[in-house]
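[1] Test case, fold it:
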Amino acid sequence: MHDPRDLLPLKASDFHILLSLAEGPLHGYGIMKAVERESQGEVRLELGSLYRLLGRLLDVGALAAQESDDRRRNYSLTPFGRRVLEAEARRLAALVKLAPVRKLLREAKG
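    The predicted structure follows:
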């Protein structure tokens, strides 16, 4: 398997898909709704594009798929996928730390 950093930076949709699966497997519609909810509506995945993205993440080994009892396909993070997600989260956290240094964010006044 290759280095998770080889896939960085992730597209926002890929990051949100992987993040939605961090707590356990979901089927396609569940992923779509989780991404919409967790991104507060900023990222909306259409079913057609979602399955194309899932296929690509399966191809690179970040996801695994398994048929469930109700004939739905459940997707889950592979160990490699979790390492990719963690590497991207670290990359984003380092960028966010630069925002106050560059005076991009103002302190909220309460």
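
[2] what about the strands in this structure?
    Under the criterion DSSP state E, the chain contains strands at 26-27, 63-67, 73-77.

[3] Please list the residues outside the first one that contact it.
    If you take Cβ atoms under 8 Å, 6 or more residues apart in numbering as the criterion, strand 26-27 is touched by 20, 34, 68, 72-75. For glycine as for every other residue, the C-beta is placed from the backbone atoms N, C-alpha and C.

[4] need the longest helix for this protein.
    Longest helix of the chain, by residue count under DSSP state H: helix 79-101.

[5] what helices or strands is it leaning on?
    helix 12-20 (3 or more Cβ pairs under 8 Å, 6 or more residues apart in numbering; DSSP states H and E).

[6] Swap in 10 Å and give it another go.
    helix 12-20, helix 47-59, strand 63-67, strand 73-77 (3 or more Cβ pairs under 10 Å, 6 or more residues apart in numbering; DSSP states H and E).

[7] Any stretches of this structure with poor pLDDT?
    1, 107-110 (pLDDT under 70).

[8] How many residues are close by residue 48?
    Neighbours of residue 48 under the rule other Cβ atoms under 10 Å: 8.

[9] so how far is residue 17 from residue 87?
    Per Cβ to Cβ, to the nearest Å, residue 87 is found 15 Å from residue 17.

[10] Then residue 45?
    According to Cβ to Cβ, residue 45 and residue 17 sit 8 Å apart.

[11] Looking at these two, which has the bigger crowd around it?
    residue 17 (29 against 22).

[12] So residue 3 versus residue 47, what's the distance?
    Using Cβ to Cβ, we find residue 3 at a distance of 32 Å from residue 47.
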